[in-house]
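K.L.:
model this:
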Amino acid sequence: MTEKSWGERIPHMDDIVRNWEKRTSGTTPERIDPDSSLGVDDRLFPEFTVSSAAWHGLITAVEHTGFVFTALAATRTMYPSAYYTVLRTALLGAAQAVWVLEPKTRAERQKRALTIAATNADERRKFVDDLPAATDELRALRDTQAAQQIQVLADIDAAAQRLGYAAGKGALWRLNATDVIKKAAAVDLDPTVRDAPLMFWRMSSGHVHGHAYTRWLQIERNNILKGSNGTSWVRATADLDQVGPVAAACVMLTSTAWKHWDEQRIDHLSDRG
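P.N.:
Now for the predicted structure:
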């Protein structure tokens, strides 16, 4: 059997993502049965739930992967780096959902949800600290909002202590995106493709941060212009054979996330404890 081209595979992946979009288009997350594994997870810390961390990862992954397929169909244009930067967000969203749902113990799932919450609170505090404030009133408002995030971190630390961690630990927990990608890729994916998400993560991160090495990987070797001063000018390109596998990695990780989400939100399945 002839292997399908990426031009043939992408419409199939697009159909999958459109079905996911139907699930994420509501104003609230999908219902979680109170006595399901996920429902029980959420009882201990209603303000920092495992389900909200997972759901945010899912909707992020679905939105960004769907956007790439929409842009490909609408523009019929292969941008050298833009698709990678969008798919990077999809990759992290899917990996975050897998990462927070995957642990076998409830305590570890809750710890990971608290880690995501602490990272969010700290990043929001940094955002608030950098807001311009030209008047005393605006400065007071900024300081109030920053103090709110510091309180959130204190609440997370108190929750971490309930899980048995020493005081001060939980407030310092931060998400390591690369580590999350590595661990998520090791869950359910075939061993032959487990290295792909991390490789695509690294490449996409290079594009996000404007590093030249990622464009060097896309150079048209037969189109190198030599300058009179000894410099060389090259053109970076992309095609479906490059972008397609990155999109596929996002779809695979998102599919894994949906699998764990559905297993854990329904009460007729066994509670893993």
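K.L.:
What is the worst-scoring helix or strand of the chain on mean pLDDT packed up against?
P.N.:
Lowest on mean pLDDT, DSSP states H and E among the helices and strands of the chain sits strand 232-233, with a mean of 72. Applying 3 or more CB pairs under 8 Å, 6 or more residues apart in numbering; DSSP states H and E, we find strand 232-233 packed against strand 225-226. (Glycine included, C-beta is placed from N, CA and C.)
K.L.:
Counting by contacts, list what the strand it packs on packs against.
P.N.:
Secondary elements touching strand 225-226 (3+ CB pairs under 8 Å, 6+ apart): strand 232-233.
K.L.:
State the paired neighbours of the strand it packs on in the sheet, together with their directions.
P.N.:
strand 225-226 (antiparallel) (DSSP bridges).
K.L.:
In PDB, list the C-alpha atoms belonging to stretch 113-122.
P.N.:
Output of stretch 113-122 as PDB, limited to C-alpha atoms (Å, rounded to 0.1, in the frame of the first residue of the first chain):
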ATOM      1  CA  ALA A 113      -2.700  21.000  39.000                       C
ATOM      2  CA  LEU A 114      -1.400  23.200  41.800                       C
ATOM      3  CA  THR A 115       1.900  23.600  39.800                       C
ATOM      4  CA  ILE A 116      -0.100  24.900  36.800                       C
ATOM      5  CA  ALA A 117      -2.100  27.300  39.100                       C
ATOM      6  CA  ALA A 118       1.100  28.600  40.700                       C
ATOM      7  CA  THR A 119       2.800  29.200  37.400                       C
ATOM      8  CA  ASN A 120      -0.300  31.100  36.200                       C
ATOM      9  CA  ALA A 121      -0.500  33.200  39.300                       C
ATOM     10  CA  ASP A 122       3.200  34.100  39.100                       C
END
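K.L.:
hang on, the earlier thing: could you point out the helix or strand that follows the least confident helix or strand of the chain?
P.N.:
Note on strand 232-233: by DSSP states H and E, the next helix or strand toward the C-terminus is helix 240-265.
K.L.:
Distance from that next one to the middle of the chain?
P.N.:
11 Å (CA atoms, centre = their mean, to the nearest Å).
K.L.:
Now for Ala159, how many residues are close by?
P.N.:
For Ala159, the count of nearby residues is 21 (other CB atoms under 10 Å).
K.L.:
pLDDT value on it, please?
P.N.:
In this model, Ala159 is scored at 97, pLDDT.
K.L.:
Excluding covalently adjacent residues, which one is nearest to it?
P.N.:
Phe45 (5.0 Å; CB to CB, 6 or more residues apart in numbering).
K.L.:
gap between Gln161 and Glu21?
P.N.:
40 Å (CB to CB, to the nearest Å).
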